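Pasted the sequence and its predicted model underneath.
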Amino acid sequence: MKTNPRPATGAAQAFTLIELLVVVTIIAILAGLVMSQGPKIMEDARKLQVQTVIKDLRLAIGSYQVEYNRWPVNASMLSSGSSGEDIQAFPTDENSGMVDALLSTSSSSSSGGGGGSGSTNLNPKDIKFIDLPIAKNGKFGLVNPQPPYKLVDLWGTPYHVLLDTNGDKQVQNPDQNNSDPSISQNTTSPPPQNLPTEIAIYSYGKDMMPTTRDDVVSWRQK
């Protein structure tokens, strides 16, 4: 009577010492790569969060302009620009009235809804054009608990907005004054004097300084 051979057991089925060392080495290399790239991955993720708010803000401003046929800022700001030129870039703080206009609710309308006591309500139809989080520790969201609102990025600095207020379908390009020569003096792809857009928004980034390499902007990817 034939019997089936017994399967190999013990050392024949186990990993050899060399195989274990190879596996451990590979794991160590991968862990090292993750550790070295970890800060960059985290920083890229933070920039992506800010970029998402910038995109939402652009859409909200555009929707407001379509609804009201005007920009969501106080009239005094619109009249402050030089003749034939766009108004200067302005922050998303309490003074412009922009954040209040885009967020207008019944409560903000009753308190003015336009960037300060007694100012004109910029959103009389009470339309909510954007949802924004409440800032934690003064960062990434609405700082003030009630109107007038101030919107800040992940580093606690307001976003800055450029609007085409002279109707030429373009705004001045801040990259021309960027402190990084690879941006402002790029010979391969030099920054144009004007951006072909009616709305441009940017964050100062981690260094909280204007026109530097780490600015998070609406008109370029890096």
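Noted; the coordinates are in hand.

helix or strand right after the lowest-mean-pLDDT helix or strand in the chain?
Ranked by mean pLDDT, DSSP states H and E, the weakest helix or strand in the chain is helix 106-110, scoring a mean of 45. Downstream of helix 106-110, the first helix or strand assigned by DSSP states H and E is strand 141-142.

Beyond that following strand, next helix or strand please.
With elements assigned by DSSP H and E, the helix or strand that comes after strand 141-142 is strand 151-152.

Packing partners of that next one?
strand 141-142 (3 or more Cβ pairs under 8 Å, 6 or more residues apart in numbering; DSSP states H and E). Heads up, the C-betas are built off the backbone N, CA and C, glycines and all.

Assess the claim that Met77 and Ser96 are in contact.
Yes. Shown here, Met77 and Ser96 form a contact pair, counting by Cβ atoms under 8 Å, at 6.0 Å.

Any chance you could list residues touching both of those two?
Shared contacts of Met77 and Ser96 (Cβ atoms under 8 Å, 6 or more residues apart in numbering): Phe90.

Among the two, which residue is more densely surrounded?
It is Ser96, of Met77 and Ser96, that has more neighbours when counted by other Cβ atoms under 10 Å, with 25 against 19.

Can you tell me how far that one is from Ala135?
To Ala135, Ser96 is 17 Å away according to Cβ to Cβ, to the nearest Å.

hey, where'd the strands end up in the chain?
With DSSP state E, the ranges of strands along the chain come out as 90-91, 141-142, 151-152, 160-163, 171-172, 194-195, 199-203, 216-217.

what's the closest of these to Ile18?
Between Ile18 and the strands of the chain, the tightest spacing by Cβ to Cβ is seen for strand 216-217, at 48.8 Å.
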